[in-house]
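Peer 1: After the sequence you'll find the predicted model.
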Protein chains: 4
Amino acid sequence: MTYTVAVAGCTGYAGGELLRLLLQHPQVQIGALTGNSSVGDRLGDHQPHLHPLANRTVEATTADVLSGHDVVFLALPHGASAAIAAQLDDEVLVVDAGADFRLRDAEEWEKFYGSPHAGTWPYGLPELPGAREALGTARRIAVPGCYPTAATLALLPAVAGDLVDATQIVIVAASGTSGAGKSLKPHLLGAESMGNMSPYGVGGVHRHTPEIVQNLASVTDQSVRVSFTPLLAPMPRGILATCSAPIRDGVDAAAARAAYVEFYEGEPFVDVLREGVWPQTAAVVGSNRVAVQVTVDAAAGRLIAIAAEDNLTKGTAGGAIQSMNLALGLSETLGLSTVGVAP
Amino acid sequence: MTYTVAVAGCTGYAGGELLRLLLQHPQVQIGALTGNSSVGDRLGDHQPHLHPLANRTVEATTADVLSGHDVVFLALPHGASAAIAAQLDDEVLVVDAGADFRLRDAEEWEKFYGSPHAGTWPYGLPELPGAREALGTARRIAVPGCYPTAATLALLPAVAGDLVDATQIVIVAASGTSGAGKSLKPHLLGAESMGNMSPYGVGGVHRHTPEIVQNLASVTDQSVRVSFTPLLAPMPRGILATCSAPIRDGVDAAAARAAYVEFYEGEPFVDVLREGVWPQTAAVVGSNRVAVQVTVDAAAGRLIAIAAEDNLTKGTAGGAIQSMNLALGLSETLGLSTVGVAP
Amino acid sequence: MTYTVAVAGCTGYAGGELLRLLLQHPQVQIGALTGNSSVGDRLGDHQPHLHPLANRTVEATTADVLSGHDVVFLALPHGASAAIAAQLDDEVLVVDAGADFRLRDAEEWEKFYGSPHAGTWPYGLPELPGAREALGTARRIAVPGCYPTAATLALLPAVAGDLVDATQIVIVAASGTSGAGKSLKPHLLGAESMGNMSPYGVGGVHRHTPEIVQNLASVTDQSVRVSFTPLLAPMPRGILATCSAPIRDGVDAAAARAAYVEFYEGEPFVDVLREGVWPQTAAVVGSNRVAVQVTVDAAAGRLIAIAAEDNLTKGTAGGAIQSMNLALGLSETLGLSTVGVAP
Amino acid sequence: MTYTVAVAGCTGYAGGELLRLLLQHPQVQIGALTGNSSVGDRLGDHQPHLHPLANRTVEATTADVLSGHDVVFLALPHGASAAIAAQLDDEVLVVDAGADFRLRDAEEWEKFYGSPHAGTWPYGLPELPGAREALGTARRIAVPGCYPTAATLALLPAVAGDLVDATQIVIVAASGTSGAGKSLKPHLLGAESMGNMSPYGVGGVHRHTPEIVQNLASVTDQSVRVSFTPLLAPMPRGILATCSAPIRDGVDAAAARAAYVEFYEGEPFVDVLREGVWPQTAAVVGSNRVAVQVTVDAAAGRLIAIAAEDNLTKGTAGGAIQSMNLALGLSETLGLSTVGVAP
């Protein structure tokens, strides 16, 4: 069976990656492509790498245009998804790459996003305990943020297995500049971002912070506190999340690795690397694979776990399609690859 | 007065940066330039950016060649400095950009470097309490490592001021690839390192770890424990050190900033940025300035301090010249600039 | 039907890209992977992006190991292919990504490569008039060089159509550093190549020069003279070839474009862009598409044609598989994509 | 004596580089700094690398603010310089980094810039025969474009010495993205420009074309025709200009080199490299040096000359200060360095 798919927000980086992956998916047919300021343009003017779709015309992002598809992906600015989704039939699978429906706690939403909470949809991280089942019957899916995907997968076995004190988690994650989207801001210019490492959203104010806490809290009774610092790195794609937490007495590196290997056994897209090998972003570019490694620094008393992902693939569009596959009853890995493009 | 200066290890990145800065220094005259496999080459073949020295010939690194100068800079592989220094007159100022004489604890040295401890020289970080005085009379100076310079300056006021619990310090520092030197290793190739963030020396095994601990321990009675993870970033130069530690009760962001501003008042090369502005490596390239900012994440219960430096300038060669100035009784800032090259 | 395929030289960039593409090919099964200094290693240690092959062991590059496959790809240093190929059965399809069998003129070979000429195999550029037919029955194929592919496709319609004076062709082509392979040379270090544009092989001495001349000469009776300057660009992948030649009287931009559009009509992997749009390497990364554009500078009296390709895909491994498809009687485009990975 | 200097357009890349160099100049004092949309901002918010000027306030670009200085640098958008300059006293040295007064031919100006010609000022390329004398008495100076500086210096000895046929000159020049300024355009985003080589202004339409022709025509009686193609390269700074032209009979590589060496003898900022060494942009970053090399490709019948410069230094701000020095009767090299920042 073939499913018709529409993509709202087709000219941005998330939309472009969705289309790149959907073009490889054997059971979808790409329908309407919609935008905002780009309505009427050829898609090729915005996404020159998507050659088979170059002559497609960007349509307006309206319920009219988007309805009539089996699946609608939303890659819209924060706040825009709810209104569109409300106008789409309940039977349509709506997969939102935006943040609107990720958080369960309305107060946290309002604190971090400064707007009323739109609601909560099933969260599209199949690797979270229980998530696969929920996604199997979902008709609305909230795609995780790019940082939360990497950070959660890096820390999940440690927190779920009570290997660490979850109240002193520290995450420093470096992202390629595509994570900031195509917005025209001075610090995103090539001349500014090449050769430059810079932090932003420091001090617990980045919007992905409560999402990471929510994920980790779902697998432990401990109180979860996370210090999260995002860094802009001079590369187009990729996230490297360096995570640590105080280790429980008696847990050594071997035990930590064993717990990670066991936790992720059978996971198609989480790859606990061989001992001594550490994740690097270049090895996952264009791939839906997340590479993870863990060790224990006995002198510092901390477990260190690092994950590398492609922020646009597993961190956004690949994760979205993985969830779509589950919701449509397809094989979870259909159309997704663990092979990266390197060098 | 003009001082004659020799540079041993003139073809590497540390040697090149020393020469770049010495060419701007009003009171030095550049004497012998020595190397190893490059003996007999023109310097211009190895350092094409140092145009005024292009026709200089690389000589052998021997005590004979190096003697007769007022100052000798050593930019040699670990283990090579002691033998050379022993053959130089006690009155010669020897400034070692290598690690051999940085650590005071012989056991720590042997644990991290796997060789006998050569000894301890005055440590060339003038910003450390008491260091300026010691450097003023020193004839042997150990230049700090690049990561320790950034990390120490980021955390010093917090540890010295007892703003944090020093037993749970976490440092994640990203460095440009020049930090690894000109060694021909596959992962340092451009095709491998461009577009790639990768960790190395994870789990407390990087050799700069005990040096950071030593520095911070010198300003507190607390036990100091540091989890340090270095990252290789896709840029030639620069270090961004993201540091955090559990905050003491009652210390808020304003108090932390005030402590930092006070601690570094009058320091010529440490710049506590205005509130809300965060360090970025691109703003310090080629400069001896270290940009620092601090805040408190109340929800996570941690102080976050970030420093950006040029790993080759303040992190190596600039720091070395700053110490040389002190030891020669010159103005500490002579020949050093706080102006970077950007974009 | 499934064909078994061996790759000799599996740890380099060409070998890695062959494997990346072969993993997506629906009618091949990947057999022996061979190397030289890496024999016995896991492939994952050398090609961490090729996750499905991570646990494969690198074998020795011998005829014994390579025999028994339907197809053998050779990605070996110059001079190594002939000996291996001679030991493989005539029925085996041998596709050589190296230079040994590209040139027809033994004298040119010896002049540029300094070694005896090994012979000439059918040349794997299907877009060259007559090449498809020859490839359809070939059992030995010489894969074109990366620069010749881009430069030839940029200029072919102009030379074949007699739009230009072929004696004054100028080609300046910038390549990502993967074009130089994984060889450990100082100028290929990340710290040297990032932020750096540098020429090499200037003055007509680059080995791809006679290959470009051979290709263009095959479609014209004119004498062909080419000034070719390769540049190393600060990126991992991609070639941008800027080509020009004196325009024939009366040929304007519209006529030139019309000739190009007609020449390449139906070509699956050559994309003459819409008027006013110019090729860029980022749009073809990971894709087998070559983007081409042409115009006429009337004041300068020259036709300007520019092509962008991925040097590892259409410029090496993709081109090799395209030729393999023809030789095996498969659809020419099987397993190859025109979709790039961007940004 | 100290000269007071104002910089109009202080927040852009040209303005920033002017200030970086002026901070090192021993005989200037930096006065008013003016902008447009940034009036009232701290300079540090726009140019964080210019630490000593961080607390300066950006003033409005008016004749009132700019008057009263000995020297006024204009780094303004095209078309804005004439009005300002007209209001400044004739005795003030006005150095325009913009294009308005570069061209002598009003028709060419109107053809390429689409606006009325403002006039012609002495052209600030001291290396052009006769230019030094004119600049010595100038009170208005037009700073050359970045590409014309590199291309002119690469070709000047060949054209002046009649070594080549000047009617078939081809220039392909790659520039770092700072050449496009801080303008917020999608293709200048880091995610778009990293890893990407792309041409623009193809076909003789780039505005620097007539300026290059004007320069070369000033040293020959030949008709000069130039095919110029600019490329955007994935780096912040630097221009590499690859230039060629049909060689005159009997001129070989040695003769060409000899002519170049002789032509540039004594030039402080043009460095004809040793035989066999080719220019690279990384070696001139932050320096006012232009590295040049030349050879002859006998088979192609062309002379190949390549120049590397820093587009912001010798290509803009350094060239401007070099001309200022001449106009003020100072040593031409004062405050300018041939030392680059590498790696």
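Peer 2: That came through, no problem.
Peer 1: Please identify which helix or strand holds the nearest residue to A:Ser115 once chain neighbours are set aside.
Peer 2: In space, and not counting its chain neighbours, A:Ser115 is closest to A:Gly79: 6.0 Å by C-beta to C-beta, 6 or more residues apart in numbering or on different chains. All C-beta atoms are positioned from the backbone trio N, CA, C, and that covers glycine. For A:Gly79, there is no host helix or strand (DSSP states H and E).
Peer 1: what's the burial count for the residue nearest to A:Leu18 when sequence neighbours are not counted?
Peer 2: Excluding its sequence neighbours, the residue lying closest to A:Leu18 (C-beta to C-beta, 6+ apart) is A:Ala317, at 4.3 Å. By other C-beta atoms under 10 Å in any protein chain shown, the residues close to A:Ala317 number 30.
Peer 1: Over to A:Ala83?
Peer 2: A count of nearby residues for A:Ala83, using other C-beta under 10 Å, gives 12.
Peer 1: do the same with A:Ser115
Peer 2: 11.
Peer 1: Phi, psi for it please.
Peer 2: Backbone torsions of A:Ser115, given as degrees, to the nearest 10, read phi -150, psi 160.
Peer 1: Which residue ranges of chain A form helices?
Peer 2: For chain A, the helices defined by DSSP state H occupy A:13-22, A:63-66, A:81-86, A:106-113, A:131-136, A:146-160, A:190-193, A:209-217, A:253-263, A:318-328.
Peer 1: what would those helices look like in a markdown table with mean pLDDT?
Peer 2: Converted to a markdown table, those look like this (pLDDT from 0 to 100):
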| stretch | mean pLDDT |
| --- | --- |
| helix A:13-22 | 98 |
| helix A:63-66 | 97 |
| helix A:81-86 | 93 |
| helix A:106-113 | 97 |
| helix A:131-136 | 97 |
| helix A:146-160 | 98 |
| helix A:190-193 | 97 |
| helix A:209-217 | 98 |
| helix A:253-263 | 98 |
| helix A:318-328 | 98 |
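Peer 1: closest one to B:Thr333 among those helices?
Peer 2: Of all the helices of chain A, the one in closest proximity to B:Thr333, counting by C-beta to C-beta, is helix A:190-193 (28.0 Å).
Peer 1: which residues touch the residue nearest to A:Val39 when sequence neighbours are not counted?
Peer 2: Across the structure, with C-beta to C-beta, 6+ apart as the measure, the residue nearest A:Val39 apart from its sequence neighbours is A:Ala60 (5.0 Å). By C-beta atoms under 8 Å, 6 or more residues apart in numbering or on different chains, the contact list for A:Ala60 reads A:34-36, A:39.
Peer 1: Reformat the residues you listed as a markdown table; add pLDDT.
Peer 2: Listed next are the contacts of A:Ala60 as a markdown table, based on pLDDT from 0 to 100:
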| residue | pLDDT |
| --- | --- |
| A:Thr34 | 98 |
| A:Gly35 | 97 |
| A:Asn36 | 94 |
| A:Val39 | 98 |
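Peer 1: elements contacting the lowest-mean-pLDDT helix or strand in chain A?
Peer 2: Least confident helix or strand, chain A: helix A:81-86 with a mean of 93, by mean pLDDT, DSSP states H and E. Here helix A:81-86 touches strand A:71-74, strand A:93-96, going by 3 or more C-beta pairs under 8 Å, 6 or more residues apart in numbering or on different chains; DSSP states H and E.
Peer 1: who touches the residue nearest to A:Leu18 in this structure?
Peer 2: With C-beta under 8 Å, 6+ apart, A:Ala317 has these contacts: A:14, A:17-18, A:20-21, A:97.
Peer 1: who's A:Ile169 bridged to?
Peer 2: Applying DSSP bridges to A:Ile169 yields these beta-bridge partners: A:Val226.
Peer 1: Give me the distance between it and A:Ala320.
Peer 2: Computed with C-beta to C-beta, to the nearest Å, the distance linking A:Ile169 and A:Ala320 is 26 Å.
Peer 1: can you check A:Val164 too?
Peer 2: According to C-beta to C-beta, A:Val164 and A:Ala320 sit 30 Å apart.
Peer 1: More neighbours: the two, which one.
Peer 2: Neighbour comparison, A:Val164 and A:Ala320: the larger count goes to A:Ala320, with 29 against 26 (by other C-beta under 10 Å).
Peer 1: The closest residue to the more buried one other than its chain neighbours - how many residues pack around it?
Peer 2: Distance criterion C-beta to C-beta, 6+ apart; nearest residue to A:Ala320, sequence neighbours excluded, is A:Val143 at 4.5 Å. Taking other C-beta under 10 Å as the criterion, the count of residues near A:Val143 is 32.
Peer 1: thinking again about what came up before, would you turn the helices and strands packed on helix A:81-86 into a markdown table with mean pLDDT and mean neighbour count?
Peer 2: As requested, these are exported to a markdown table (pLDDT from 0 to 100; neighbours: other C-beta atoms under 10 Å in any protein chain shown):
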| stretch | mean pLDDT | mean neighbour count |
| --- | --- | --- |
| strand A:71-74 | 98 | 27 |
| strand A:93-96 | 98 | 25 |
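Peer 1: Now render these as JSON lines, adding distance to A:Gln293.
Peer 2: Formatted as JSON lines, the entries for the helices and strands packed on helix A:81-86 read as follows, by distance: least, C-beta to C-beta, whole Å:
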{"stretch": "strand A:71-74", "distance to A:Gln293": "32"}
{"stretch": "strand A:93-96", "distance to A:Gln293": "30"}
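Peer 1: Touching stretch A:101-117 from outside, list them.
Peer 2: By C-beta under 8 Å, 6+ apart, stretch A:101-117 touches A:78-79, A:81-82, A:99, A:118-121, A:123, A:140, A:142, A:144-145, A:205, A:207, A:209-211, A:214.
Peer 1: rerun that using 6 Å as the cut-off
Peer 2: Outside of stretch A:101-117, the residues that reach it under the criterion C-beta atoms under 6 Å, 6 or more residues apart in numbering or on different chains are A:79, A:119-121, A:142, A:207, A:210-211.
Peer 1: Show me what counts as buried in that stretch.
Peer 2: Of the residues in stretch A:101-117, those buried by neighbour count under the rule 16 or more other C-beta atoms under 10 Å in any protein chain shown are A:101-104, A:108-109, A:112-113, A:117.
Peer 1: Out of these, which is nearest to chain C?
Peer 2: Using C-beta to the nearest C-beta, the shortest approach to chain C within the buried residues of stretch A:101-117 belongs to A:Arg102, at 24.1 Å.
Peer 1: From chain B, how far out is the closest one?
Peer 2: Taken as C-beta to the nearest C-beta, to the nearest Å, the spacing of A:Arg102 relative to chain B amounts to 18 Å.
Peer 1: Quick check: phi and psi on that residue?
Peer 2: phi -80, psi -40.
Peer 1: For the contacts of A:Ala60, please prepare a markdown table with the additional fields neighbour count.
Peer 2: Supplementary listing: those in a markdown table, determined by neighbours: other C-beta atoms under 10 Å in any protein chain shown:
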| residue | neighbour count |
| --- | --- |
| A:Thr34 | 25 |
| A:Gly35 | 24 |
| A:Asn36 | 15 |
| A:Val39 | 14 |
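Peer 1: export those residues to JSON lines and tack on distance to C:Val28?
Peer 2: Supplementary listing: the contacts of A:Ala60 in JSON lines, determined by distance: C-beta to C-beta, whole Å:
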{"residue": "A:Thr34", "distance to C:Val28": "38"}
{"residue": "A:Gly35", "distance to C:Val28": "39"}
{"residue": "A:Asn36", "distance to C:Val28": "43"}
{"residue": "A:Val39", "distance to C:Val28": "43"}
